[in-house]
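Colleague: predicted model and sequence follow; I will ask about them next.
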Amino acid sequence: MIKKADNIFASPLEQMVDFRFDERVVDVFPDMIQRSVPGYGTLISNIGILTARYAQENSSCYDLGSSLGAVTLSMRQRIKAEGCQIIAVDNSAAMIERAKKIIAADNNRVPVELRCEDINQTLIENASVVVMNFTLQFIAPALRDELIRQIYQGLKPGGVFILSEKLTFDSDEQQTFFTEAHHDFKRANGYSDLEISQKRSALENVLIPETLSTHQHRLSQAGFSRSECWFQCFNFASLIAFK
Ligand SMILES: C[S@@+](CC[C@H](N)C(=O)[O-])C[C@H]1O[C@@H](n2cnc3c(N)ncnc32)[C@H](O)[C@@H]1O
Ligand SMILES: O=C(O)C(=O)C[C@]1(C(=O)O)C=C[C@@H](O)C=C1
């Protein structure tokens, strides 16, 4: 598949509208996420490696906020346990339509079910691995505790939850350092200052990041016995929580 370049925020926009995962974003998404999230490729491949370790026989692996299915494909490639299925969920019809074609073109024995639904409505059951790769940050903060509780309830003993998020920081010093480093990363990947600032405004009311300790506290309140931050690059991190 040809990777189209993201230039959505390249020209001055007369009116700033909230960021949405619509057709235009779908068209450029692989390029956008690769150039915007430091370590994205490393995260995707290592989520597959972690899944291989924790996927249990005859269980389900969930990819919540699956976009074009990058996590799903990585899990699918690595799962060795017999009788596993992957359930990928996204509430953007445009994402799901495109993901269907991508998954269909991938030859693999592990069945994948793609669902267009709000992950707040998804029944998590018989799960050994649940992944949210940069999706909780788009869920209304008031709904986050309940969603994480539902994930915990739906996991089998020995199951894991992998949570990747953009982070915010308590001290101004840290916040400035990580934000500037992230913007340098974007500039190095060819984004202009205008693109960086317009995308930042478009995400302002939509992507609400939290601190690492807020995430860890929520995981422990939901019942997870332990969580580890297994990856961080600048203000992007990934946690694994154990049931
Ligand atoms: C940053 S993208 C996720 C990237 C993807 N996990 C990956 O690794 O390539 C966030 C995704 O979450 C989806 N999303 C946001 N809110 C959602 C909700 N309430 N229910 C289902 N999907 C949601 C968006 O449509 C979008 O595709
Ligand atoms: O571009 C940014 O600043 C981001 O925060 C990156 C981010 C994300 O973390 O989800 C935001 C929206 C796009 O879907 C891809 C990546």
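Modeller: Yep, that arrived. Ligands and ions are numbered 1, 2, ... in the order given.
Colleague: quick one: residues contacting the closest residue to K4 other than its chain neighbours.
Modeller: Using Cβ to Cβ, 6 or more residues apart in numbering and skipping residues adjacent in sequence, the residue nearest K4 is V28, 5.0 Å away. All C-beta atoms are positioned from the backbone trio N, CA, C, and that covers glycine. By Cβ atoms under 8 Å, 6 or more residues apart in numbering, the contact list for V28 reads 4-8.
Colleague: could I get those residues as a markdown table with secondary structure, distance to ligand 1 and neighbour count?
Modeller: Putting the contacts of V28 into a markdown table (DSSP: H, G, I helix; E, B strand; the rest coil; distance: Cβ to the nearest ligand atom, whole Å; neighbours: other Cβ atoms under 10 Å) gives the following:
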| residue | secondary structure | distance to ligand 1 | neighbour count |
| --- | --- | --- | --- |
| K4 | coil | 16 | 13 |
| A5 | coil | 17 | 12 |
| D6 | coil | 13 | 24 |
| N7 | coil | 18 | 14 |
| I8 | coil | 14 | 17 |
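Colleague: for this structure, which spans come out with low pLDDT?
Modeller: Counting by pLDDT under 70, the chain has low-confidence residues at 1-2.
Colleague: among the contacts of V28, which one lies nearest to K166?
Modeller: For those, the closest approach to K166 (Cβ to Cβ) belongs to D6, at 17.1 Å.
Colleague: hmm, V26 and that closest one touching each other?
Modeller: No: at 11.2 Å, D6 does not count as touching V26 under the criterion of Cβ atoms under 8 Å.
Colleague: can you report how many residues lie near the nearest residue to D170 once chain neighbours are set aside?
Modeller: The shortest distance from D170 to any non-neighbouring residue, by Cβ to Cβ, 6+ apart, is to T211 (6.0 Å). T211 has 14 neighbours, counted by other Cβ atoms under 10 Å.
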